[in-house]
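1. The sequence and its predicted three-dimensional model are supplied below.
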Amino acid sequence: MIAGADGVSVRFGNRTALDDVSVHVPAGRVVALVGGDGAGKSTLLRTFVGAVTPDSGVVHAPVKDEVGFLSAGPGSWAALTVRQNLDFVGGIYGLGGGELTRRREELIDRAGLRIAADRVASALSGGMRRKLGAAMAMLHHPQLLILDEPSTGVDPVSRIDLWRMISESAAEGAAVLMSTTYLDEAERAGELVVLDAGRILTQGSYDDVRAEFTGAITRSEVPVRPDWSWRRGRERHEYWPGLPEGGTPVEPDLEDIVISLSLIRRNEVRAS
Ligand SMILES: Nc1ncnc2c1ncn2[C@@H]1O[C@H](COP(=O)(O)OP(=O)(O)OP(=O)(O)O)[C@@H](O)[C@H]1O
């Protein structure tokens, strides 16, 4: 295992951002951290780069030079071109000469940024800028790659480039921990960690998560219990802890599972 968090809790004043979270990130794997706004994703990622210190629990990570980090911010210098940004980061990590040029041009191609290679970062589209940030984080072949919402604002075609870059880093041996709000994308990761209000709702491979989910999901135009239903396209899906009492059963996907588990958790919190 390259990196891991064991029983990590983080509080900001009286707000609990993470509550007893454990996550392991092995070499060659992509672990996707999934959760809505304020779930604690950025806070957990920031514990791995030393930007947040846990109130309890332990975080293991390689030394700083072996970590690549794309933060939730811009991730590149606005006034530098794509090539200059990559050269600058390469210099920080001691890369130079032909080695840096080869790696820089390889990542420019992988990111689909060749047409923009001499454009300043401030003139890139949001998606191009995210891909440049990801390229900068992985430039020095870090053992641990931490990416905070790399695909937010990236169009579906560019997301394919981004996923290829992330998969290639993992295939080359990096341990990758990334956050995303896109559940379809998270299904592709080797492992999922679903966070809600600072706590883990479920984790494991997508197959594990599906196998552990015990409820049933139905679809209908009008749900039987609106509080346990959510919109999916033109219909509503509804969660049932046991046998459904209405609607047409559907095979739950990750979105159904995550929403059901969040509703169960919120109901437990309200009841306690
Ligand atoms: N520096 C901080 N000071 C105070 N509260 C914070 C700080 N950073 C995060 N929080 C709070 O901790 C909780 C988790 O925030 P975090 O940014 O980790 O969530 P997130 O899952 O990354 O969500 P988002 O995608 O909206 O950033 C939120 O309630 C947030 O308001």
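-> Cool, the structure landed.
2. C-alpha from now on. contacts and neighbour counts both.
-> Noted.
3. how near is S262 to W230?
-> For S262, the distance to W230 equals 12 Å [CA to CA, to the nearest Å].
4. wait, G247 sits on R219?
-> Yes: the pair G247 / R219 is scored as a contact, 5.3 Å apart, by CA atoms under 8 Å.
5. what pLDDT does the residue lying farthest from the centre of the chain get?
-> Distance from the centre of the chain peaks at E245, with 35.9 Å (CA atoms, centre = their mean). pLDDT recorded at E245 is 91.
6. Ignoring the adjacent residues along the chain, who's closest to it?
-> V224 (7.8 Å; CA to CA, 6 or more residues apart in numbering).
7. Could you report the neighbour count for that neighbour?
-> 14 (other CA atoms under 10 Å).
8. for T248, same thing?
-> 12.
9. where does it sit relative to the ligand, distance-wise?
-> As for T248, its distance to the ligand is 33 Å (criterion: CA to the nearest ligand atom, to the nearest Å).
10. From here on, call the first residue 59.
-> Okay, residue one is now 59; in that scheme the one you just asked about reads as T306.
11. Who are the contact partners of that residue?
-> 276-278 (CA atoms under 8 Å, 6 or more residues apart in numbering).
12. Would you confirm that the residue nearest to E303 belongs to a helix?
-> No: counting by DSSP: H, G, I helix; E, B strand; the rest coil, V282 falls outside a helix, being coil.
13. Make sure the residue farthest from the centre of the chain is indeed in a strand.
-> No: assessed by three-state DSSP, E303 does not belong to a strand; its assignment is coil.
14. Phi and psi next, for the nearest residue to R188 once chain neighbours are set aside.
-> Spatial nearest neighbour of R188, chain neighbours left out: P208 (5.9 Å); criterion: CA to CA, 6+ apart. Main-chain dihedrals, P208, degrees, to the nearest 10: phi -60, psi -30.
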